[in-house]
Every structure is written in C-alpha cells, then in structure tokens.
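Trainee: Just to be clear, the model below is a prediction. Sequence and coordinates:
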Amino acid sequence: MTKHIFITGGVVSSLGKGITAASIGLLLKERGLRIRHQKLDPYINVDPGTMSPFQHGEVYVTEDGAETDLDLGHYERFTGIPCSRNSNYTTGQIYHSVISKERHGDYLGATVQVIPHITNEIKTAVASVTGDDVDVAITEIGGTAGDIESLPFLEAIRQYYLEAGKENALFIHLTLVPYLHAAGEMKTKPSQQSAGVLRSIGIQPDIMICRTEQHMSEEHFRKIALFCNIDRNAVIEEKDIKHSIYEVPVELQKQKLDDLILKLLNVEAPEASLSSWKRMISDIKNTADEDKIEIALVGKYARLKDAYKSIYEALDHAGFAFRTKINVNRIEAEEIEKKGADQLLKGVAGILVPGGFGQRGTEGKILAAEYARKNNIPFLGLCLGMQCAVIEFARNVCKLDGATSEEWLPEAEHKIIALMADQVDIKDMGGTMRLGAYPCVLKPKTLARHLYRTEQVDERHRHRYEFNNNYREIFEKKGMVFSGLSPDERLVEIVEIPGHPYYIATQAHPEFKSQPTKPHPMFKGFIKAAIEKIESNL
C-alpha cells in the first residue's frame with residue numbers, strides 16, 4: 001500500500017515547498033524507497049501552458065507531454081525520477097473533469113457540489129500516483145493556508161488522511177519564522193497562526209518545517225511545538241542556504257527528518273549515505289570566487305528568473321562538473337535590437353538563446369546567434385533559439401533575403417521555419433504542438449554524437465514549428481550539419497557548424513533532463529567550450 005506525505009505552506013508564498021518536497025523525495029529514495037511526486041495547484045487554468053512566463057515562470061514539460069508547474073523540475077532534478085501528467089493537477093483540471101462528467105450524466109441527476117464531487121475528484125487525482133511500484137507518494141499543495149482557492153484541496157487531503165489511516169499518511173507544514181531586524185528577534189506567532197488555520201479545518205500537522213534567516217533558539221523550537229500541538233523533535237529548521245539549493249537535503253538529513261518521517265509512517269529502511277550528493281556540495285563550497293565565467297542568456301523573458309528556471313539550473317550543473325561558477329548575464333533580446341550585439345555581448349564566454357513564442361525579440365535573438373557565429377563564441381540554441389540560429393544562417397550565409405519563420409510572416413518567400421518540416425497539409429497540424437519526449441538519431445562524427453556518446457537519444461519538446469526541409473540541401477552546401485534527425489529523417493532536431501569552437505542548437509529542451517550530479521551533455525559541452533575560450537584569451 002502506498003503511503004502519503006502531504007506538504008502544505010503557510011504565512012507567505014514562495015517559501016520553497018517545491019525544493020523541500022524534492023529534498024524529502026531524495027532522502028527517501030536514497031533510503032531505498034520507491035517514491036513519486038505530485039503538485040496540486042489551486043489556479044483555475046487547466047495547465048500553465050497558456051500562462052504568461054512573467055506571471056507563472058517556465059512551463060515544465062514531462063516525458064509524456066504534460067505542460068506542468070516548474071516545481072516538477074525540482075522533483076526530477078533532485079531525485080532523477082521522471083514525473084508524468086498525473087504529477088500535476090490544477091483546479092481547472094479538476095472542475096473540467098467534474099463538469100464533463102455532469103454533462104455526460106455520470107452523477108445521475110444529483111446536485112453537483114464542492115463536497116463531495118470536487119473533493120472526490122481531487123482524491124482520485126491523489127490516488128493516480130499510487131500503485132504497487134510506489135512506496136511513498138509526496139503531494140505538494142500549492143498556495144498558502146488560508147487561501148480560498150486552496151480550501152477544496154485541503155479538505156480533500158484531510159479526508160484522504162482519515163481514510164488512509166494514521167501510519168499511512170502524514171502532514172508536513174512549511175512555514176516562516178521571520179526575523180524582525182528592528183526588534184532584533186524572531187517571531188513564531190505567524191507559524192502558530194498558520195498551523196491554527198489548518199487545525200480549524202481538521203488538519204493537524206505532524207511535522208513543522210520552519211524557514212528562517214537565522215538559526216532558531218531552543219526556546220523557538222519549544223514554543224512552536226507547544227502552540228502548534230506537535231512534538232519538539234517534529235519541529236525542523238530550514239535556514240536560508242548560502243551556496244546552493246542542493247544543500248537543503250543534506251541539512252534536513254542532519255536534523256534526522258527522514259528518520260522522523262519513516263517512524264511516523266512505520267517504515268523501516270536503511271540509512272541514506274548521500275555520498276555523491278555530499279561530494280557535489282563540497283565541490284560547490286570549495287569553488288573559488290575567481291573561478292567563474294560569464295554566460296549571456298538572450299531571452300524574451302530574461303527579466304524574470306523563473307521563466308528560464310531549468311536552464312539556469314542546467315548551467316549550474318555543468319559548472320559543478322568543472323568547479324566553475326556560472327555568472328548568467330540575463331539580456332533582453334529587444335535590448336540587442338536597440339543597442340546592438342557588440343555593445344551587450346562583447347567579452348562573454350558563451351551565448352545561450354532559449355525558447356519562447358511569438359515574434360517579439362526574435363530579431364535580437366537572431367543578432368545574438370550571428371554574433372556568436374562570426375566571433376567564434378560558444379553558442380547553444382534551444383527550441384526557438386535553434387530556429388533563430390538557422391534563420392540567421394539562411395540570411396547571412398545562404399543569402400536568402402528575408403528568410404524568416406512562418407509563425408511571424410506567413411506570406412514570406414523563404415519560410416525557413418514552417419508548420420511542418422516536409423510541407424504536409426497545414427490542416428494535419430491543427431492547433432497542436434509537439435509535446436514531450438521524441439527520439440533523435442545522431443549522425444556519426446558530429447559534435448552531437450560526441451557529446452551524447454550514443455546513437456539515439458530522447459529529448460523533450462514544446463513547439464509547433466519545424467525546420468523546412470526544402471532548405472536542407474542549400475544549408476548543407478553552405479556548411480551547416482544536420483546532426484540530429486527524427487528516426488524517419490523528416491524532422492530536424494539538432495544543427496551544428498563544424499570548425500566553430502562550439503555552435504550547436506536543438507529543437508528540443510535538453511535543460512529538462514539535467515541533474516546536479518549528471519549535467520546534460522549539451523550544457524556540459526557548452527560550459528567546457530566557454531572555459532576553453534576564456535583560457536585561450538589569457
């Protein structure tokens with residue numbers, strides 16, 4: 001029988017429930033348990049796919065093609081266990097399912113209500129990550145205790161806990177213990193009130209994890225335990241981390257959080273060593289400040305860090321491998337259009353152009369790709385970044401005037417990027433995107449093959465437009481290599497330019513598969529080339 005951990009948050013948002021949930025997942029996995037993660041989000045959107053990155057951050061794509069919350073990226077990066085479409089449910093999905101059933105007559109004329117119909121649907125969602133192959137399911141509830149939007153989810157997990165039984169489920173509440181600088185003291189009252197909100201709806205936290213700026217005193221631990229109605233050893237401190245978020249599981253293990261969880265769930269499991277994880281943390285802490293390189297990220301949403309969360313993490317992972325700190329210079333693509341690439345990109349060790357949708361900023365991305373190509377600066381293009389790279393190559397190397405994307409200019413003569421790579425009727429494409437993992441065959445004796453060290457890989461996609469196959473021949477004659485193709489050779493997946501220090505771009509999103517102890521080959525190669533570029537200029 002699958003046991004459940006429900007993680008809620010209190011006092012304020014953005015406390016780091018996702019990182020905490022991911023850290024707990026890592027600790028339990030390292031103790032030999034089979035775990036699954038899940039995020040329940042209270043917003044009414046069916047999924048984040050149509051939400052602005054400025055509001056919601058990046059859309060994380062799973063292997064099976066679900067567009068999900070970015071916290072699923074934390075889950076996968078920490079544990080290495082792939083999530084699925086069952087790993088993320090929203091209020092929109094829950095209500096959509098219930099309304100569809102009502103229209104279909106599944107409720108046999110009953111009055112459809114939040115309780116029991118919505119809460120039952122939520123419980124079904126929670127049960128979707130259980131099974132004979134799952135020992136512990138970790139479900140994070142989005143939002144903050146007290147939010148109206150979260151109430152149906154909290155009621156559902158209250159019922160689920162009651163039905164599962166005390167040793168088969170537990171509640172962890174992540175809260176804030178603020179330090180008031182003017183008063184010079186920490187305050188536990190917000191945490192007490194947050195736990196009180198949960199108790200008022202029938203949820204008694206089993207464990208309180210307290211986010212703090214400074215270390216808590218024994219008095220703080222005992223006060224929270226007393227007034228939140230839990231054992232003293234069930235109050236866990238989660239102090240702000242100095243070096244990296246990847247220190248969190250190690251700090252939680254020091255406080256024996258995993259032992260406490262297993263005791264409450266009545267599970268026996270061997271100790272977790274975290275040896276490779278601790279070596280990585282040691283390398284991070286011992287990397288000298290001067291061992292750093294500057295990477296320019298030229299994006300459409302650069303001013304919001306969460307919009308490219310997985311990319312920044314993947315860059316850090318590659319930096320860990322070389323004990324090098326990555327300083328990301330976040331540059332708005334439109335600024336390059338106004339000020340020029342030479343002014344904004346001069347002196348950087350590498351240039352990365354990420355994905356995005358729409359025409360805004362694309363000329364700036366194209367200028368960045370051109371600058372990298374002409375000045376022998378290591379370049380990595382992702383999704384739209386690849387499309388901008390091939391458009392730049394078409395204009396300036398193949399001399400195809402006005403080369404562009406069908407997405408931006410449908411009537412253009414040279415649509416290098418089109419709805420279907422081999423000119424299949426547009427109606428066949430409909431309004432769909434290529435989402436999730438797709439296979440890619442790597443051409444021998446190419447940079448891509450060298451990086452991956454295998455003949456075929458699977459990478460995740462999130463896009464609608466493809467490279468137009470009518471232009472393959474001229475591109476190849478002018479020196480671009482199509483080093484990665486779909487197995488049927490209809491779709492271009494990876495392009496590169498031989499002779500350049502590092503110029504490679506992919507239609508996929510490899511950042512979604514990078515892990516701190518296993519950096520993605522494309523990012524690792526990119527950072528290696530950037531380091532060599534700096535060293536060659538010394």
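Mentor: Arrived safely, thanks for sending.
Trainee: Check which residues of the longest helix seen in the chain are buried.
Mentor: If you go by DSSP state H, the chain has its longest helix at helix 521-537. For helix 521-537, burial by neighbour count (16 or more other CB atoms under 10 Å) applies to 521-531, 533-534. Every residue, glycine included, has its C-beta placed from N, CA and C.
Trainee: Any chance of a markdown table for these, columns pLDDT?
Mentor: Formatted as a markdown table, those follow (pLDDT from 0 to 100):
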| residue | pLDDT |
| --- | --- |
| P521 | 98 |
| M522 | 98 |
| F523 | 98 |
| K524 | 98 |
| G525 | 98 |
| F526 | 98 |
| I527 | 98 |
| K528 | 97 |
| A529 | 97 |
| A530 | 97 |
| I531 | 96 |
| K533 | 90 |
| I534 | 86 |
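Trainee: Show me which of the residues you listed is closest to L447.
Mentor: G525 (7.4 Å; CB to CB).
Trainee: Counting by contacts, list what the longest helix of the chain packs against.
Mentor: Packing partners of helix 521-537 (3 or more CB pairs under 8 Å, 6 or more residues apart in numbering; DSSP states H and E): strand 292-299, helix 309-321, strand 350-353, strand 379-382, helix 447-452, strand 503-506.
Trainee: Of these, which is nearest D69?
Mentor: helix 309-321 (10.7 Å).
Trainee: residue ranges for the helices of the stretch 251-400 of the chain, please.
Mentor: 257-265, 275-286, 309-321, 333-339, 341-345, 362-374, 384-396 (DSSP state H, counting those that start in this stretch).
Trainee: how about the ones you listed, which one is nearest V114?
Mentor: Taking CB to CB, helix 257-265 is the member of the helices of the stretch 251-400 of the chain nearest to V114, at 29.5 Å.
Trainee: roughly how far out does that closest one sit from the chain middle?
Mentor: Remark: helix 257-265 is offset 27 Å from the chain centroid, using CA atoms, centre = their mean, to the nearest Å.
Trainee: which parts of it are buried?
Mentor: Those would be 257-262, 264-265, for helix 257-265 by 16+ other CB under 10 Å.
Trainee: Check stretch 116-136 too.
Mentor: Buried residues in stretch 116-136, counted by 16+ other CB under 10 Å: 117-119, 121-123, 125-126, 128-130, 134-136.
Trainee: Would you point out the most distant pair within those residues?
Mentor: Spatial extent of those (CB to CB) is set by the pair H117 and D135 at 30.3 Å.
Trainee: For T454, give me its contacts.
Mentor: Residues in contact with T454, defined by CB atoms under 8 Å, 6 or more residues apart in numbering, are L442.
Trainee: For V441, see how far away it is.
Mentor: Distance of T454 to V441, computed by CB to CB, to the nearest Å: 10 Å.
Trainee: does K3 really touch A137, like I thought?
Mentor: Yes: using CB atoms under 8 Å, K3 is in contact with A137, at 7.4 Å.
Trainee: before we move on, the earlier item: rebuild the buried residues of stretch 116-136 as CSV, extending it with distance to R330, pLDDT and secondary structure.
Mentor: Formatted as CSV, those follow (distance: CB to CB, whole Å; pLDDT from 0 to 100; DSSP: H, G, I helix; E, B strand; the rest coil):
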residue, distance to R330, pLDDT, secondary structure
H117, 45, 97, helix
I118, 40, 97, helix
T119, 42, 97, helix
E121, 40, 98, helix
I122, 37, 98, helix
K123, 42, 98, helix
A125, 36, 98, helix
V126, 37, 98, helix
S128, 37, 97, coil
V129, 35, 96, coil
T130, 40, 96, coil
V134, 39, 97, coil
D135, 40, 98, coil
V136, 37, 98, strand
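Trainee: and which of those residues is nearest S23?
Mentor: Using CB to CB, these come closest to S23 at V136, 13.8 Å.
Trainee: Go ahead and confirm that closest one touches K29.
Mentor: No: counting by CB under 8 Å, V136 does not reach K29; the two are 9.2 Å apart.
Trainee: overlap in contacts of the two?
Mentor: Common neighbours of V136 and K29, using CB under 8 Å, 6+ apart, are I35.
Trainee: In contact with the residue of the chain most remote from its centre, which residues?
Mentor: Residue farthest from the centre of the chain, counting by CA atoms, centre = their mean, is G109 at 41.8 Å. Going by CB under 8 Å, 6+ apart, G109 touches no other residue.
Trainee: partners of E459 in the sheet?
Mentor: Partner residues in beta bridges with E459, using DSSP bridges, are Y438.
Trainee: how many other residues sit next to it?
Mentor: By other CB atoms under 10 Å, 23 other residues sit near E459.
Trainee: How about exporting the lowest-mean-pLDDT helix or strand in the chain as CSV, limited to the C-alpha atoms?
Mentor: Across the helices and strands of the chain, mean confidence by mean pLDDT, DSSP states H and E is lowest for helix 53-56: a mean of 77. Output of helix 53-56 as CSV, limited to C-alpha atoms (Å, rounded to 0.1, in the frame of the first residue of the first chain):
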residue,chain,number,x,y,z
PRO,A,53,6.0,33.3,-18.2
PHE,A,54,6.1,36.7,-16.5
GLN,A,55,3.3,35.6,-14.1
HIS,A,56,4.0,31.9,-13.7
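Trainee: contacts for that helix?
Mentor: For helix 53-56, contacts defined as CB under 8 Å, 6+ apart pick out 48, 59, 70, 301, 304, 306-307.
Trainee: Identify each buried residue in it, please.
Mentor: Under the neighbour-count criterion of 16+ other CB under 10 Å, helix 53-56 has 53, 56 buried.
Trainee: Contacts only, for the spatially closest residue to T90 that is not a sequence neighbour.
Mentor: Nearest residue to T90, sequence neighbours excluded (CB to CB, 6 or more residues apart in numbering): D41, at 4.6 Å. By CB under 8 Å, 6+ apart, the contact list for D41 reads 69, 88-91, 142-143.
Trainee: Find the pair from those with maximum spatial separation.
Mentor: Largest pairwise distance in the contacts of D41, by CB to CB, is 14.1 Å, between N88 and G143.
Trainee: neighbour count winner among the two?
Mentor: N88 (27 against 21).
Trainee: How about the spatially closest residue to the more buried one that is not a sequence neighbour: which residues does it bridge to?
Mentor: Nearest residue to N88, sequence neighbours excluded (CB to CB, 6+ apart): T68, at 3.9 Å. Beta bridges link T68 to Y60 when assigned by DSSP bridges.
Trainee: cool, K518 as well?
Mentor: With DSSP bridges as the criterion, K518 is bridged to Q515.
Trainee: Quick check: it touching G80?
Mentor: Yes: between K518 and G80 a contact is recorded at 7.5 Å, counting by CB under 8 Å.
Trainee: what's the spacing between stretch 168-187 and its chain's center?
Mentor: Per CA atoms, centre = their mean, the centroid offset for stretch 168-187 relative to its chain is 26 Å.
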